[in-house]
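> got a sequence here, can you build the structure:
(one chain, ligands or ions: 1)
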Amino acid sequence: MHAGEISNLAQAQSLGEFLLDQDCLFVSGDSCLLGQGVKHRFKLPIANTDYLVSELQTQLRNHQGENDNTIAFGVLPFCKYEMAQFIIPEQVARWDKKVFSQWLNTQITEGSHTENPLKAVNYLQDRVHFEHTVQQAKELFDKALLDKIVLSKQVELEFEHAINRKHVLNQLLTQSQSGYHFAFPTESESVLMGVSPELLLRKEGETVTSNPLAGSIPRDPCSKVEAQHRAALFSSKKDRYEHAVVIDDMRQLLEPVCDNLAIPAEPSLLHTATMWHLSTVISGHLKDPSTHILALANQLHPTPALCGKPTKPAYQHILDLEGHGRDLFSGIIGWCDQQGNGEWVVVIRCGELKAHVAKLFAGAGIVAASDPSSEWLETEAKLKTMLNALSVQQAYTQFNK
Ligand SMILES: C=C(O[C@H]1C=CC=C(C(=O)O)[C@@H]1O)C(=O)O
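Next comes the predicted model:
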């Protein structure tokens, strides 16, 4: 399926450098898919899934390489009326993740990541705004108009000097051992970069796998407190409900297209470098193995882990309450090949990095039992993935004092 397997540094070094303004990266488990160079960049509407899939297939056919190993990397926005961005790279290879990290490391020259002070922090939705929207959402639950809604904030960090984006990616790979790291050069000359913990869908031949997360608590450096956090999350009725809403929605969509859909009766716990989540691994055998991954992923997206339940009214209330478009944040990012296989994760724990500005995103699932202040703190904890990678966690806290 892929042009090559890069398993040692000598092989890697013959491939030049990782160029963030044109290369695409998607990491999964111990390996990563790296697309180098842009053979073709295009956009597609996502409102009609059949159209999306058939146009994507046409583009892949039209830009096919020598083998049948052509793949497209892409990112679908949160909003169904906006356009997805795709890149078919000049060259694609599957890399050993460790080798990729070593290769990236060799490209970060000593002294190139000296201090880069934070000049300004600008909230698109500040604490007062966010907590007020949670309160407003609670009134919608009271009127039985919604079961769940995901409310988010965006924050822009302005830096004194240009951000060393390669260094930030390197930090993400070092600081977060698990999760799906990604980097995608957007059409607006920014790089969308992060490490998502949440697999929306993987398709390998006849098998599909998903790992929805919902229900969260921050990690703690003290092992005693950490154990209390885990136990509290696992037994929290509020978080269990938040999680169940997502699982029910996914079951409804996947059951008709799968034989033997396996969904554990209760969630397990999954951790990232900064958070604990309730997690459920779902797997199924496709009734029609030729089903394209995006035919399913675009129907699942946005799940109630990013939007709410029922989906349409939740979506409408998000637009009204947040007051800013999410663009690519809380969309989905991944890749697919000509056979319709691929892997797509949700666009969270990430940032859009421009020369001097990093725009970050964090959201939280809100249900009737939510407390506005705790939900705000949850979004602050979720920002840490990127704040740590940008080395500004402390400076950011100072700004908020
Ligand atoms: C919206 C985010 O997280 C989602 C994914 C996992 C857990 C979530 C939660 O517990 O609220 C959110 O649904 C985010 O990280 O910005």
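
> neighbours of Lys39, how many?
Counted by other CB atoms under 10 Å, the residues lying close to Lys39 total 16. Placement of C-beta: from N, CA and C, glycine included.

> just Phe329 next, same as before
25.

> contact partners for Glu5?
Counting by CB atoms under 8 Å, 6 or more residues apart in numbering, Glu5 touches 93-96.

> for the ligand, what's the nearest residue on the stretch 1-150 of the chain?
Here the stretch 1-150 of the chain gets closest to the ligand at one residue, Val150, 5.4 Å apart by CB to the nearest ligand atom.

> contacts only, for that residue.
Contacts were defined as CB under 8 Å, 6+ apart; by that measure Val150 touches 304-308, 314, 318, 330, 363-366.

> so which residue is smack in the middle of this structure?
For the chain, the residue sitting closest to the mean C-alpha position, by CA atoms, centre = their mean, is Val347 at 2.4 Å.

> surely it and Ala305 touch.
No. In this structure Val347 lies outside contact range of Ala305 using CB atoms under 8 Å: 11.8 Å.

> neighbour-wise, give me the winner out of the contacts of Glu5.
Among the contacts of Glu5, Trp95 has more neighbours than the rest - 24 neighbours, counting by other CB under 10 Å.

> thinking that residue is in contact with Leu9, fair?
No. In this structure, Trp95 sits apart from Leu9 without contact. The criterion is CB under 8 Å, and the distance is 10.8 Å.

> shared neighbours of the two, anything?
With CB under 8 Å, 6+ apart applied, the overlap between the contact sets of Trp95 and Leu9 consists of Trp103.

> grab the nearest non-local neighbour of Ser373.
Glu131 (6.4 Å; CB to CB, 6 or more residues apart in numbering).

> helix/strand/coil for the one you found?
Three-state secondary structure (criterion: DSSP: H, G, I helix; E, B strand; the rest coil) places Glu131 in helix.

> from Gly331, how far off is it?
For Glu131, the distance to Gly331 (CB to CB, to the nearest Å) stands at 25 Å.

> so which of these two has more stuff around it?
Between Glu131 and Gly331, counted using other CB under 10 Å, Gly331 has the larger neighbour count: 25 against 18.

> need phi/psi at the more buried one.
phi -80, psi -150 (degrees, to the nearest 10).

> tell me the residues on the stretch 101-250 of the chain that lie near the ligand, please.
Those residues of the stretch 101-250 of the chain that sit near the ligand, judged by CB under 6 Å from any ligand atom, are 150, 198, 213-216.

> mind redoing it with 8 Å?
Among all residues of the stretch 101-250 of the chain, those adjacent to the ligand (criterion: CB under 8 Å from any ligand atom) are 150, 152, 197-198, 213-216, 239, 242-243, 246.

> show me where pLDDT drops low in this protein?
Confidence mapping of the chain against pLDDT under 70 gives the ranges 1-4, 68, 110-113.

> Asp21: what secondary structure?
The local conformation at Asp21, judged by three-state DSSP, is coil.

> burial of Arg219, as a residue count?
Neighbours of Arg219 under the rule other CB under 10 Å: 16.
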